[in-house]
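**Student:** With the sequence up front, the predicted model follows.
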Amino acid sequence: QATVFVNGVANTTLAVESGVATFQLLLLEEGVANIGVELEDLAGNPGVSIGDPSALVSTYVVDTVKPVIDWTAPMALTLTAQDSLDIEVTCTEGCDDDQGIVILSYGAAAPVQAAMAGGVATFSHAEFGILSEGGNELTATATDTAFNQSAVISKSVFVDTLPPTAAFTSLAGYTLETIP
């Protein structure tokens with residue numbers, strides 16, 4: 001017979017037929033599931049103990065939690081020449097390993113992606129050049145390493161990095177030679 005263990009706890013015992021034991025496990029809990037098997041022959045002689053690392057059949061990670069993301073930068077809705085034009089999206093929930101990818105869409109351009117590091121995906125202006133003068137409509141979605149996808153988030157950002165200019169066209173009845 002074979003006894004299947006999940007995280008060191010006996011889960012099911014089943015018969016071995018022609019040297020094969022087939023089983024299905026319903027893994028409901030989030031997190032790591034170490035699956036091990038202890039075998040016993042027909043005479044009741046035990047095989048490798050579940051405490052022995054060789055009894056470990058496989059390790060699975062159960063992750064059904066969708067990432068939750070939010071905009072970290074830019075925080076302002078209007079950006080000027082003094083502001084950074086970098087875009088950051090942070091995973092606030094559901095990214096236990098702080099990894100995955102974020103896909104960013106803007107205007108009619110093709111979507112771009114950046115890997116999360118420490119739960120943050122950064123789209124630097126120097127590399128991606130996403131934000132341009134005027135109105136910018138951004139959307140983002142994240143996918144974690146278990147392929148769970150976040151809801152789409154969106155943001156409108158207006159960029160005005162051009163300094164004002166002024167020009168004199170006339171001086172109401174004066175010429176430059178006659179100004180007192």
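**Tutor:** Looks like it arrived, so ask away.

**Student:** Would you indicate which residues of the helix or strand encompassing L138 are buried?
**Tutor:** L138 is located in strand 134-143, with elements delineated by DSSP states H and E. Under the neighbour-count criterion of 16 or more other CB atoms under 10 Å, strand 134-143 has N136, L138, A140, T141, A142, T143 buried. For glycine as for every other residue, the C-beta is placed from the backbone atoms N, C-alpha and C.

**Student:** okay, those residues in a markdown table with distance to T165 and pLDDT next?
**Tutor:** What follows is the buried residues of strand 134-143, written out as a markdown table (distance: CB to CB, whole Å; pLDDT from 0 to 100):
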| residue | distance to T165 | pLDDT |
| --- | --- | --- |
| N136 | 23 | 95 |
| L138 | 29 | 96 |
| A140 | 35 | 97 |
| T141 | 40 | 97 |
| A142 | 41 | 95 |
| T143 | 45 | 94 |
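
**Student:** Serialize these to a markdown table and add fields for distance to P53.
**Tutor:** Converted to a markdown table, the buried residues of strand 134-143 look like this (distance: CB to CB, whole Å):
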| residue | distance to P53 |
| --- | --- |
| N136 | 54 |
| L138 | 49 |
| A140 | 42 |
| T141 | 40 |
| A142 | 35 |
| T143 | 33 |
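
**Student:** still on that earlier bit, determine how far the helix or strand just after the strand holding L138 lies from the middle of the whole chain.
**Tutor:** For strand 134-143, the following helix or strand on the C-terminal side (DSSP H and E) is strand 153-160. Centroid separation between strand 153-160 and its chain, computed with CA atoms, centre = their mean, to the nearest Å, is 21 Å.

**Student:** Helices of the protein, start to end?
**Tutor:** Counting by DSSP state H, one finds helices in the chain at the ranges 125-128.

**Student:** Counting by contacts, list what the least confident helix or strand in it by mean pLDDT packs against.
**Tutor:** Here the helix or strand of the chain ranked lowest by mean pLDDT, DSSP states H and E is strand 56-62, holding a mean of 82. Strand 56-62 is packed against strand 31-39, with contacts defined by 3 or more CB pairs under 8 Å, 6 or more residues apart in numbering; DSSP states H and E.
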